[in-house]
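Peer 1: Structure here, sequence nowhere to be found:
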């Protein structure tokens, strides 16, 4: 019977259209109106996500650009891996809960954390995405360290700038000459340049990341520092390379930093905590593998090569598994063996 | 012949309270216990209220392949499917349908990827599974299409709490006050997800108010599971000047839901994809006539107990609603047919069908 009724209704609608009882533009206007609000809503959601977790909408792990990888993440972020993610990710999860609450997706920020949640977080947070990706079974210690490679932003960036500003301005260049090794996509280089530093960056993957910025050179940190003339840097920022050090490379890096700094020059290194990397991948506990060093070890190494005014910064609220260490080359005495290392 | 298993465990990607597939899984566990099997549920993620009743997937036992079977509750892509694939015991799939990814991809790329993964995993499981059973004929046909050899229908074990809860008096009072000013109440129940097409119900309401019933109202009940889509629907309602006519109710208690069912005039469903659609059943139980877009499993769930439309142009939906609301004889016949249809879905019947499915495999092996 209902099929007959449906036929009658269809006939009635045809009749109404023929009689002009249905405004001709009505349905088309409704479709158009919804498409407009849909576009606006999609754009707004993406903007809010980016605004919450960083401005880099073009990053492959942000927004809508990385569709296939989420399926991989879902398959590979196992419950066991999730348990190993440690306090760092739990803190990030709380950030995502807050973001979800702001987006109106949940009524309370007390969200039960699930694998789904981690993946939702990964859509919004570059760091969480890298941590999750590194939690894949079989991920190497190097890739785990890469996942924890800290973003220098917020309070951490402010601290780095404050420390670099402690160096006296150069004699040859009115601005402080600063090198950032390894500078990644160059955002810290840009931030320092905007604050008046004469800054250059080096990164082994610079051709891919620098977008043609000539301030950034394609080179490894150890390689570039080894070729840098001694005593020419007012500031040195070390990231990336300090997360994936082979045995003995920490000592070499500290030695090179001390050699390259001008008197009064400041080195600042930003690193992942080794215990966080080991929590993600127990292989990193083996001293033979690439891994970051403890802040106490860095203080010891930097002091050993003559640097002083050692300071450690631990930005717990924003990056719980990250620390920064700074040291300054004394102005009154040259380091023994300078230029010969 | 394989030995009778000692245990039949269930694996489900995610299990939460007040979710149809989750409830079905818990009911299935009761059935398996009643059949004398040891049976536990293993999930990748679980709602806080289910801690202790459900185990992490990593604890899924696999020591005695001949004595341990595993039943996978399939509804989305998940690492859980991989655990089932690698499980050494006999495998069963209970299929609740996986929505096509293209319906949600634009709004929820992550979910789209998961849905694609789910379809792929369903295919990967096909040659490994002894029996695929599904909660509707529509879903069973999809299993067959995916390469499953032995398939059968075992209906969803529906949570009847929503059927028999007393309507919340506060909600009833509020709805009755609104009705006093005239106009009919439309209802749609379902999570606010793109493939549920809430926006098409809003379009139909806009047409109905323009052509038939200027004071018609719409109540959208269900969790806003996709923020971007929910925001779009809200903006759409505002852009059409329907803020006073459309209520975004959100997630409700069984009593509140019963109040909406008992006080509405018609349930309007414009979903693009439904594997079963429990709200149709709930509406029929509450003597609420249904107008629905007849795609996927919707015609099978409704049969002749609702107006099943071949298309969902807003004017057609509005005209169908108007006909149901003004043709008393049609209204009453739909209500009667709906009650009969709802009564044909009993938890006991679904339990028996699930039992038959398990016995079928026991005999076959």
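Peer 2: Received the coordinates, thanks. Everything numeric here is computed off the predicted structure, so don't read it as measured data.
Peer 1: how close does the nearest residue to residue B:200 once chain neighbours are set aside sit to residue B:195?
Peer 2: Once flanking residues are discounted, residue B:200 sits nearest to residue B:270: 3.7 Å by Cβ to Cβ, 6 or more residues apart in numbering or on different chains. The way it works is simple: take the backbone N, C-alpha and C, and place the C-beta from them, glycine included. Counting by Cβ to Cβ, to the nearest Å, the gap from residue B:270 to residue B:195 is 10 Å.
Peer 1: now swap in residue B:312 and tell me
Peer 2: Residue B:312 is 13 Å from residue B:195, by Cβ to Cβ.
Peer 1: how many neighbours does residue B:348 have?
Peer 2: 8 (other Cβ atoms under 10 Å in any protein chain shown).
Peer 1: Next up, identify which helix or strand it is on.
Peer 2: Element membership for residue B:348 (DSSP states H and E) is helix B:347-364.
Peer 1: That helix: how far from the chain's middle?
Peer 2: Its chain's C-alpha centre and that of helix B:347-364 lie 21 Å apart, by Cα atoms, centre = their mean, to the nearest Å.
Peer 1: Okay, buried residues for it please.
Peer 2: Within helix B:347-364, the residues that count as buried by 16 or more other Cβ atoms under 10 Å in any protein chain shown are B:347, B:350-351, B:353-355, B:357-358, B:360-361.
Peer 1: I'd like to know how many residues surround the residue lying closest to residue A:23 once chain neighbours are set aside.
Peer 2: Excluding its sequence neighbours, the residue lying closest to residue A:23 (Cβ to Cβ, 6+ apart) is residue B:210, at 7.3 Å. Neighbours of residue B:210 under the rule other Cβ under 10 Å: 15.
Peer 1: can you list the residues that contact the helix or strand encompassing residue B:210?
Peer 2: Taking DSSP H and E as the definition, residue B:210 sits inside helix B:198-211. Applying Cβ atoms under 8 Å, 6 or more residues apart in numbering or on different chains, the contact partners of helix B:198-211 are A:16, A:21-23, A:26-27, A:30-31, A:34, A:38, B:186, B:188, B:190, B:192, B:215-216, B:218, B:220, B:229, B:232-233, B:236-237, B:240, B:242, B:245-246, B:268-270, B:293, B:312, B:314-315, B:317-319, B:321-322.
Peer 1: Make a PyMOL selection of whichever of those residues turn out to be buried.
Peer 2: The following PyMOL line selects those of the contacts of helix B:198-211 that are buried, judged by 16+ other Cβ under 10 Å:
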select buried, (chain A and resi 22+26+27+30+34+38) or (chain B and resi 186+188+190+192+216+218+220+229+232+233+236+237+240+242+245+246+268+269+270+293+312+314+315+317+318+319+321+322)
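Peer 1: Helices - which of the contacts of helix B:198-211 land there?
Peer 2: Using DSSP state H, A:16, A:26-27, A:30-31, A:34, A:38, B:229, B:232-233, B:236-237, B:314-315, B:317-319, B:321-322 are the members of the contacts of helix B:198-211 that sit in helices.
Peer 1: Flag every residue of the stretch 51-200 of chain B that's near chain A.
Peer 2: B:56-58, B:77-79, B:82, B:105-107, B:109-110, B:112-114, B:116-117, B:199 (Cβ under 8 Å from any Cβ of the partner chain).
Peer 1: what about burial for those residues, which qualify?
Peer 2: Buried members of those, scored by 16+ other Cβ under 10 Å, are B:56-57, B:77-79, B:82, B:105, B:107, B:109-110, B:112-114, B:116-117, B:199.
Peer 1: Which of those residues fall in strands?
Peer 2: If you go by DSSP state E, those have residue B:56 in strands.
Peer 1: wait, the residue nearest to residue B:200 sits on residue B:317?
Peer 2: Yes - in terms of Cβ atoms under 8 Å, residue B:270 counts as a neighbour of residue B:317; the distance is 6.5 Å.
Peer 1: Give me the common contacts of the two.
Peer 2: B:200-201, B:204, B:293.
Peer 1: Turn those into TSV, including distance to residue A:300 and pLDDT.
Peer 2: Listed next are the shared contacts of residue B:270 and residue B:317 as TSV, based on distance: Cβ to Cβ, whole Å; pLDDT from 0 to 100:
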residue	distance to residue A:300	pLDDT
B:200	67	98
B:201	68	98
B:204	73	98
B:293	71	97
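Peer 1: Pull out the buried residues from those.
Peer 2: By 16+ other Cβ under 10 Å, the shared contacts of residue B:270 and residue B:317 give B:200-201, B:204, B:293 as buried.
Peer 1: Where does residue A:184 sit: helix, strand or coil?
Peer 2: Under DSSP: H, G, I helix; E, B strand; the rest coil, residue A:184 falls in the coil class.
Peer 1: Give me the mean pLDDT for stretch B:221-228.
Peer 2: Stretch B:221-228 shows a mean pLDDT of 85.
Peer 1: Sweet, I'm off.
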